[in-house]
Structures are given as C-alpha cells and as structure tokens.
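Enquirer: Quick one, what's the 3D model for this:
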Amino acid sequence: MSIVANTSIMSFRFKQFYIEDSQCAMKVGTDGVLIGCWAEMEDVRCQRSDVRILDAGTGSGLIARMMMQRYPEAEVEGIDIDEAAVEQAKENGVRAFEARIQEWNPGYEYNLIVSNPPYFRNSLKNPDKGRELARHTDSLSYEELAKHSARLLKEHGHLAIILPAEAEKEMREIAAHYSLYCTRATRVYSKESKPARRVMMEFEKSTCRDIDILTSEDTLVLEDEKGGRSLQYQEIAKDFYL
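Expert: Got it, this is the predicted structure:
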C-alpha cells in the first residue's frame with residue numbers, strides 16, 4: 001500500500017485497486033488490512049454462482065475490495081450505517097448498502113461474513129458522531145454481531161472478525177450461544193516484546209455441534225526489530241501492499 005495525494009483527497013493505492021476514505025469516519029488502517037488478508041473459506045474458491053460474502057461495517061469498502069480481489073467468482077457486498085461511507089464504498093467499486101446488520105434481510109444467506117467491528121466500550125465518546133458510531137459498540141454489540149451473523153450465514157458458513165485481544169474469551173462464549181464455534185484464531189502483536197493487541201477469530205456456524213473447538217491457533221508479529229514490517233506481515237499482505 002502507498003498513499004497517493006490528489007488535491008484534497010487522500011487515496012490508498014494497493015496492487016490492484018485504490019481506496020479513498022475522505023468521507024469515512026474510520027480511515028484505512030492496519031486492522032482492516034489484516035482481516036481482509038486473513039479471512040478465508042474454502043467453499044468460496046469453488047466455481048459456483050451462489051457464493052456470497054458480506055463485509056459488515058464496510059466503511060470505505062476496503063475489506064470488500066480485498067475479498068473481491070481474492071475471490072473474484074463470489075458475490076461481495078458491504079453494509080454500513082453511515083450514508084457517506086456507503087457512497088464512498090460505491091465510489092471505490094463496492095456493491096454497498098446503507099443498513100444495520102440487525103435489520104439486514106437480503107433474502108439469501110452468506111458463505112462468509114467479514115467484519116472489523118466497533119469495539120470501544122466504557123470510554124469517552126468522540127464529538128464526531130460518525131466516528132463515534134464506527135468505533136463504539138453502542139451501534140453494534142458483540143452479541144448483536146454474533147446473533148445476526150448466525151442468522152445470515154449458511155450452515156457451515158464462516159464469520160471472520162478482528163477484535164481487541166482481551167475480548168477473545170467473551171466473544172467465543174457469546175458466539176457459541178448462537179451456534180458459532182471458533183475454529184481458528186491468530187493473536188496479533190505489534191512487537192514480540194509487547195502483549196497481544198488484537199485477535200483475529202474465525203467462527204463456523206454449526207447447529208449440530210455443542211462445544212467450541214479451536215482447530216488452528218497461531219500468532220502474528222507486525223514489526224521487526226528495526227520497526228519495519230516483519231517478514232510475517234509482509235507475507236500475509238504480499239498480494240495487496242506495493
């Protein structure tokens with residue numbers, strides 16, 4: 001990724017697309033790039049016409065565009081409660097709709113839902129209303145995300161999210177209540193010497209399973225000793241960063 005200045009507009013250039021985020025409350029950032037690189041589902045690779053992916057809280061459409069690049073045979077959509085963000089996502093080439101996941105009823109189910117959801121709780125609210133909605137769980141709690149993802153997913157469909165590391169246990173317990181079971185987790189460290197700051201989790205919808213089974217668990221360190229991108233980070237993002 002590189003930043004391209006265009007008068008008053010800042011564009012983020014990736015290998016195969018540009019993203020503009022001037023009208024979005026939440027800007028292009030590492031969390032969105034990470035989950036866009038990490039989220040996956042084998043069924044999406046199949047040459048089928050009914051494979052669907054939803055970017056819940058699409059913002060500028062970054063994650064949706066990443067999914068479109070990775071899975072060109074899938075139908076990719078984005079939803080967001082911010083009208084300006086939805087318009088920007090459309091400008092960035094995403095099929096986007098102004099909607100809350102709590103009220104989204106497209107008439108079909110998804111194979112994969114990807115989200116970089118709001119996660120701030122019990123903290124000072126931002127005077128910018130759009131930024132507040134994008135950052136705080138008042139607009140979308142962990143329970144609402146799990147409940148409505150389960151409603152919208154096909155059986156054995158996947159939900160992939162990125163959250164603060166300290167929310168992992170809580171999210172796994174909430175998700176299991178809605179028949180979403182954690183099958184993969186990657187804990188993200190800015191540096192090896194620091195505590196994990198984020199966790200990426202993948203949940204599988206399975207109505208016939210009653211226990212949480214973690215089948216894959218690993219770590220990702222973002223910075224090397226010199227403060228640059230680590231080899232791990234370069235590898236996971238190699239199809240997108242310039």
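Enquirer: Tell me who's in contact with the closest residue to residue 89 other than its chain neighbours.
Expert: Counting by Cβ to Cβ, 6 or more residues apart in numbering, residue 61 is the residue found nearest to residue 89 once chain neighbours are left out, at 3.3 Å. (Glycine included, C-beta is placed from N, CA and C.) Residues in contact with residue 61 (Cβ atoms under 8 Å, 6 or more residues apart in numbering) are 19, 55, 78, 88, 89, 90, 92, 93, 94, 96.
Enquirer: quick one: what helix or strand has the first one in it?
Expert: Of the helices and strands defined by DSSP states H and E, residue 19 is found in strand 18-20.
Enquirer: If you count contacts, what does that strand end up packed against?
Expert: Using 3 or more Cβ pairs under 8 Å, 6 or more residues apart in numbering; DSSP states H and E as the contact test, the elements touching strand 18-20 are strand 9-13.
Enquirer: What mean pLDDT does the strand it packs on get?
Expert: For strand 9-13, the mean pLDDT works out to 78.
Enquirer: and the next element down the chain from the longest strand out of those in the chain?
Expert: Secondary structure of the chain per DSSP state E: the longest strand is strand 153-164. Next along the chain after strand 153-164, taking DSSP H and E as the criterion, comes helix 168-177.
Enquirer: what's next to the next helix or strand along the chain from that following helix, contact-wise?
Expert: Using DSSP H and E, the helix or strand that follows helix 168-177 towards the C-terminus is strand 180-189. With contacts defined as Cβ under 8 Å, 6+ apart, strand 180-189 is touched by 34, 38, 146, 149-150, 153, 158-159, 162, 165, 168, 172, 175-176, 195-206, 209, 211-222.
Enquirer: With residue 109 as the reference, measure out to residue 40.
Expert: 18 Å (Cβ to Cβ, to the nearest Å).
Enquirer: Distance check, residue 224 against residue 74.
Expert: Taking Cβ to Cβ as the measure, residue 224 falls 34 Å from residue 74.
Enquirer: Between the two, point out the one with more neighbours.
Expert: Per other Cβ atoms under 10 Å, whichever of residue 224 and residue 74 has more neighbours is residue 74, with 23 against 15.
Enquirer: Verify the contact between the more buried one and residue 111 for me.
Expert: Yes: between residue 74 and residue 111 there is a contact under Cβ atoms under 8 Å: 7.5 Å.
Enquirer: list the contacts for residue 142?
Expert: 117, 163, 167, 170, 171, 174.
Enquirer: Report how many residues lie close to the last one.
Expert: Same thing as residue 174. Residue 174: 18 neighbours (other Cβ under 10 Å).
Enquirer: Tell me the confidence at residue 216?
Expert: For residue 216, the model assigns a pLDDT of 89.
Enquirer: what's near enough to touch it?
Expert: Per Cβ under 8 Å, 6+ apart, neighbours of residue 216: 183, 184, 185.
Enquirer: Out of those, which comes closest to residue 30?
Expert: Here the nearest of these to residue 30, counting by Cβ to Cβ, is residue 185; it sits at 17.9 Å.
Enquirer: Quick one: the helices in this protein, in order.
Expert: Residue ranges of the helices in the chain, as given by DSSP state H, are 30-38, 62-70, 83-91, 129-135, 142-152, 168-177, 231-236.
Enquirer: Dump these to TSV, plus mean pLDDT and distance to residue 104.
Expert: Shown next, in TSV, are these (pLDDT from 0 to 100; distance: least, Cβ to Cβ, whole Å):
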stretch	mean pLDDT	distance to residue 104
helix 30-38	97	19
helix 62-70	97	14
helix 83-91	97	13
helix 129-135	48	16
helix 142-152	97	7
helix 168-177	96	18
helix 231-236	96	29
